[in-house]
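Visitor: Next come a sequence and a model predicted from it.
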Amino acid sequence: MSVSSSWRLSTFEVHRYRACVVPESIEEFFIHSLTQVFTFKPKLKVSDAIQCQANWSFVKANPLLTDLYRKLFVALSAEKLIAHIQLVLDTQEVNWHHVLTCVSCLVICLPEAQRLIKDLLCRILTHAFENYELEGLITAFLIVRQAALEGPAAFMSYTEWFKCTFGAANSYHSNSKKSLVFLLKFLSDLVPFEAPQYLKVHVLHPPFVPPKYRPLLMEYISLAKTRLTDMKVSIEDMGLYEDLSARPNIVQLKSQAHQDVEKAVNIFENTGKIPASVMEASIFRRPYFTSRFLPSLLTPRVLPAVPDALMLLIDSMKRADKIPTNMFDTYLEACDQEKQRKQEGREQRDQSLPEEPLGRLQLALSDLRPLVTDTNRYKDVSAQVAVISDRLLAVMGKQKVNDDQVAAELFKAETEAQLDIQEQTVADLLLTCFCQCLMAASGTNPPDRQGQWPTVYVKMLCGHQWAFSAVLSRMLQLLCFQASFLKDSHIVGLAAFSIHLNECQTALQFPRTGVQTLEHYWENLLNHLCSDSVGECLKFCTAAISYAFCRFSLLREDNFSGCVPPLFLRKLQYLVPRLVWETRGEVFRDEEVDSLVTWSFYFSADWKKAALLLWNQSCLQDLLREKSNQVTFMEWLLWEMELKPSNDVLCDTDRHEYQRWAVNHYLSESSVVGGCNGDLERACVMIADSVLEFSSRHTKHSERELRNISMLKGYTGMGDILCRLQELICDIVTSNHWKGRRHFFFDVFYQRLELHQGKKELSVHLTRQGVLEMCCRILLGLPPIFLINTTSENGLHTLDSEDFCQFVNKELKNIGPRGYALPYNITAHFFRGVISASVQCEDSSEAVNSIFSATYSMCPVLLISAALWWPQLEPVLKSQWRSLFKVDLPKELRTLMEQQSAVDSCLSQGATSQQPLTLSGTPWLSAAFLYSTVQRKNLPCSRMLEILDGLGSNISTVLISLLFFSVMDIIYMLLKDGKKHKDLLDICVRIIHCLEEKGETWVWLFQMGEERKPEFSLHLHRTASDVFLNLLPFAFFWIVPLLQLEQVVQQQDFLFVALNMYYKLLQLFVDGSPLSSLPPESQHHDSYDVLTCGRQFLLSCVPKCQKPSSSFMNQMLESWEECDPELAAVLRSSFKAPDDYDDLFSEPVF
């Protein structure tokens, strides 16, 4: 700027005249000057303004003109400026360059201008449509486009404005056909002069039009599309999620397609379904889908060992026939080549930085610091921030502008997002600038007297979503992985940045998909920081809340609560009593006056002293009493388990002491604030519920990180919390208040497991299995006696295990690896619990006998488990009984010992001197002892049949039981290695032959329902896990082809069972669960072969089966017509009835 220009502008310095000229005269002079500027040489046509206004933004305008406007704004309020602009526009011909530049200056320099300009636009549009004035429409469109050029921090986007203004049924043009024609005629006249991005907005977000006037709109859309084609801009090439308000000719097609892929992956990761926009594009926007989207989706890379969201999306689209086979095969080959190149070290990356734009950005950032330290220059901050915004735009480059990826990953659990070198450099510059400006400004003024520069700065970042995303990612990296290396000034600066980020969250343009709240980002940041660096987390929260107190000290208490994210207050409430033992009680402070929170204190003082000073503030305590800011017992438990003992600043002794204090504190707290009301049972239930919730979350993470539930104790604080649970349980067990009450833990277990009930996805199944294993682990942590209820009636004590048995029958049986027995630890826990509880009874032996006798019918899986683990279980039970009582073992325990001894005796003899097995108990339990012993001693399965020759009438029951255990082991081996085992199949065939020779049926063993089954068979099926029962069709169709067909078809109900097994087999392949849990090699070989073989077997045996009843025949044909028409045809031809067949079953008519 020249010296003469500066001298002329000095004429408009208000302070020169305030002492000698009345304010009204100054305003009149300034308004007159503004009018002269607006009307100076009005040569530009409207068409020229439409085409050139993109170059009239605040940063690109002549500095002399913008400085003049800013000086005029000093004496004139925003309301007067807007009113005068409207007056000049209504009465005089204007220079559009000067007017629109003034609009840009207004929205940049005056915060209230955005609201006033919206009101101005409403008045102009209302008047224009009432009088059908074309000039009003032109004026409104020029003003709104100019304001939108300054970014979302200054004004709403043009896309949003157009949709809100003309997209509803009550819009300005919806009153009559004449209004609609008026709008469409105006838009049509603009087409030759429009930039492509505005035409795209009008085409993809057209004005609301009643159905009968639809042809009028289609005429305009056709004209706009023709114009876009002339400009070589295709609607087909637009991205699925493209930001239509972007500046022209900046977003390149390849970049947009890449952004679309990232958004599609985010949606798929959240919903598990292919996004609807992708499915629609594959049909209605085929050129873009095939030429842009798919090539970007199938960009070659090194495929991860564990499938990520991108791989799963590609697989789903392939199965939906949205990816051509040849393109998919080419993609896999390219990925293999990429892997080889990486292994050979030939991968090359271009990490060069655009030094000149980056240098200009760094210079613009450095120019901000002098402005924030001088109160007289606060008015220049907005202009400098606008310059930074323009420099940031230049650094982004053509492929980075208006990137709508605020990245849903940032608001989930991904803290290890990698930034490229340019993103990290820019993010470091932006964060460093903020921290340095904060330190410099705090050296001269407290936060509440530093002006609006932090708010303006953060709002500007919110408008650059690529830069904003990089800044948030960098904050996560710094605080979650490098917190211990940061200086206090860095932590203070980042804490203050967080407070202003929360203040400006309404300016954030979140993606329309995925997680859309900043709260998830805070949870991600603070939870990770707290679990890894608890001391730094205390510093960060203390600095953030202290800064908020100092910055917003003038706000009323009811308004102040919104200035700090509630999670910051809850984390402080969690951390201060944990790390500062003096605060573990009532807050003692001077009731008359609090110590002043001095901001400079936090730059040098000890952080624990700073936290204690903040904690004793009455204003903080008042905030912490609000319900939304209080840490509930459940939340405390989850945070305590998240904290890794290796990262804890407390030693083990101090940590256990603190946890006991916290548990006692919440035990006495009211349930209104998340406490337990003094109820020990409620405390135990909440601890168990929190442990299950914690393990469920970590199970989901462990699927990606290849961890398992057993590793949680070593890497988290779960072990300590389980110890606190055991301490409370001891108090309950020793109190008479508990005796005779129902086991309350099972209610918690059932509620947790029901959350994952009925869903067929493999991930849900694995999560549910993890929750079930954690339920088992909690039970094992309880005293064994806690599994047994003791009731007292007429002075006599009795034992009851109904609650535990129900839980075993419904849930716990599903965790046994063999499919028909529980693990050893839970089996031993139950038996030890029965013996321990019997001490309370008058006749301990009779109490034990009573509960074990009931177990035969109530929960047979417990006894079969005992048979499986008896060599390990027997010495434990003997030792426990003898230590408590000086009498012989109870009868039921002796029966189990006798059965094992009988089996051992028979198996120890040679084949020539074989004696038959003596059954001293239930046949199916004897079969369990026999089968388990043969398996344990690795004896040939034929030995089982040899020692059964001498048995009498019970041999059929034993054989059926052995067949059941063999079938379960076939399924066990299928799940283990995905193959069928010939030895197991042979023993099944031999057992079936023995049964057929004795005229016994075996088919009902594969019946899924309970009708027409012997009682002992129901007991056997109740022991089997749900997964094993679902896989019964595999075993069935592996076994039956090995049998003699003529004998098989003579079995009663064979056709019914075989068809039912085939239908269940088809369901397994259609649903993919639990078939998807099989090893990959089995899914492509044996598991698919069984479907083919089973179908061929059915087609060959149906004609030889016994003829079914008419009702059953009709039901079969109806159900199989859709599933397998060929099988239905075979059924129809094999059992075709004569025309009068149904009449044979009707009553005669006399």
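Guide: Arrived safely, thanks for sending.
Visitor: which residues are in contact with stretch 1111-1123?
Guide: By C-beta atoms under 8 Å, 6 or more residues apart in numbering, the residues outside stretch 1111-1123 that reach it are 1056, 1059, 1063, 1066, 1108, 1127, 1128, 1131, 1132, 1135, 1137. C-betas here are computed from N, CA, C, even on glycine.
Visitor: Figure out the helix or strand that the third one lives in.
Guide: This means residue 1063. helix 1054-1071 (DSSP states H and E).
Visitor: quick one: that helix to chain centroid distance?
Guide: 35 Å (C-alpha atoms, centre = their mean, to the nearest Å).
Visitor: other SSEs contacting it?
Guide: helix 1032-1039, helix 1086-1101, helix 1110-1123 (3 or more C-beta pairs under 8 Å, 6 or more residues apart in numbering; DSSP states H and E).
Visitor: Give the rounded mean pLDDT of it.
Guide: Average pLDDT, helix 1054-1071: 84.
Visitor: Next, the angle helix 1110-1123 makes with it.
Guide: 30 degrees (axes from the mean of the first three to the mean of the last three C-alpha atoms, to 10 degrees).
Visitor: gap between stretch 40-57 and the chain center?
Guide: Taking mean C-alpha positions (C-alpha atoms, centre = their mean), stretch 40-57 and its chain are 50 Å apart.
Visitor: I should have written stretch 69-89 there, sorry.
Guide: With C-alpha atoms, centre = their mean, you get 50 Å for stretch 69-89.
Visitor: Tell me which residues of the helix holding residue 1063 come out buried.
Guide: 1054-1062, 1064-1066, 1068 (16 or more other C-beta atoms under 10 Å).
Visitor: Low-confidence ranges, the stretch 801-950 of the chain, go.
Guide: 910-916, 919-921, 950 (pLDDT under 70).
Visitor: re the thing from before, would you list the helices and strands packed on helix 1054-1071 in JSON lines and tack on distance to residue 37 and mean neighbour count?
Guide: Formatted as JSON lines, the helices and strands packed on helix 1054-1071 follow (distance: least, C-beta to C-beta, whole Å; neighbours: other C-beta atoms under 10 Å):
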{"stretch": "helix 1032-1039", "distance to residue 37": "86", "mean neighbour count": "24"}
{"stretch": "helix 1086-1101", "distance to residue 37": "81", "mean neighbour count": "17"}
{"stretch": "helix 1110-1123", "distance to residue 37": "79", "mean neighbour count": "14"}
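Visitor: Indicate which one of the ones you listed is closest to residue 184.
Guide: Comparing the helices and strands packed on helix 1054-1071 by their distance to residue 184 (C-beta to C-beta), the top pick is helix 1110-1123, with 51.4 Å.
Visitor: In terms of secondary structure, what does the helix or strand that comes right after that closest one contact?
Guide: Counting by DSSP H and E, the element after helix 1110-1123 in chain order, helix or strand, is helix 1125-1134. In this structure, helix 1125-1134 makes packing contacts with helix 1086-1101, helix 1110-1123, judged by 3+ C-beta pairs under 8 Å, 6+ apart.
Visitor: what about the helix or strand hosting residue 25, distance to the chain center?
Guide: Assigned by DSSP H and E, residue 25 falls within helix 23-38. Helix 23-38 sits 59 Å away from the centroid of its parent chain (C-alpha atoms, centre = their mean).
Visitor: And for stretch 107-117?
Guide: That offset, for stretch 107-117, works out to 39 Å (C-alpha atoms, centre = their mean).
Visitor: what about it, start to end distance?
Guide: One end of stretch 107-117 sits 9 Å from the other (C-alpha to C-alpha, to the nearest Å).
Visitor: Only the buried residues of it, if you could.
Guide: 107, 108, 109, 110, 113, 114, 116, 117.
Visitor: The fourth one and residue 74 touch, don't they?
Guide: No. Taking contacts as C-beta atoms under 8 Å, residue 110 lies outside contact range of residue 74: 10.9 Å.
Visitor: On the pLDDT front, check residue 1148 for me.
Guide: 50.
Visitor: Let me fix that, I meant to ask about residue 20.
Guide: Reading off the model, residue 20 has pLDDT 58.
Visitor: about what we covered before: now do the helix holding residue 25: which elements does it pack against?
Guide: Looks like helix 23-38 contacts helix 63-75, helix 78-91, helix 96-109 (3+ C-beta pairs under 8 Å, 6+ apart).
Visitor: Select from the ones you listed the stretch with the lowest mean pLDDT.
Guide: helix 63-75 (a mean of 80).
Visitor: Can I get that one in PDB? Just the C-alpha atoms.
Guide: Extracted in PDB, the C-alpha atoms of helix 63-75 (Å, rounded to 0.1, in the frame of the first residue of the first chain):
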ATOM      1  CA  PRO A  63      -6.300  -4.600   0.600                       C
ATOM      2  CA  LEU A  64      -7.000  -0.900   0.200                       C
ATOM      3  CA  LEU A  65     -10.700  -1.700  -0.300                       C
ATOM      4  CA  THR A  66     -10.900  -4.200   2.600                       C
ATOM      5  CA  ASP A  67      -9.000  -1.800   5.000                       C
ATOM      6  CA  LEU A  68     -11.400   1.000   4.100                       C
ATOM      7  CA  TYR A  69     -14.400  -1.200   4.900                       C
ATOM      8  CA  ARG A  70     -12.900  -2.300   8.200                       C
ATOM      9  CA  LYS A  71     -12.400   1.300   9.200                       C
ATOM     10  CA  LEU A  72     -15.900   2.200   8.300                       C
ATOM     11  CA  PHE A  73     -17.200  -0.800  10.300                       C
ATOM     12  CA  VAL A  74     -15.700   0.800  13.500                       C
ATOM     13  CA  ALA A  75     -18.300   3.600  13.600                       C
END
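Visitor: Turn the helices and strands packed on helix 1125-1134 into TSV, including mean pLDDT.
Guide: TSV is the format used below for the helices and strands packed on helix 1125-1134 (pLDDT from 0 to 100):
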stretch	mean pLDDT
helix 1086-1101	79
helix 1110-1123	73
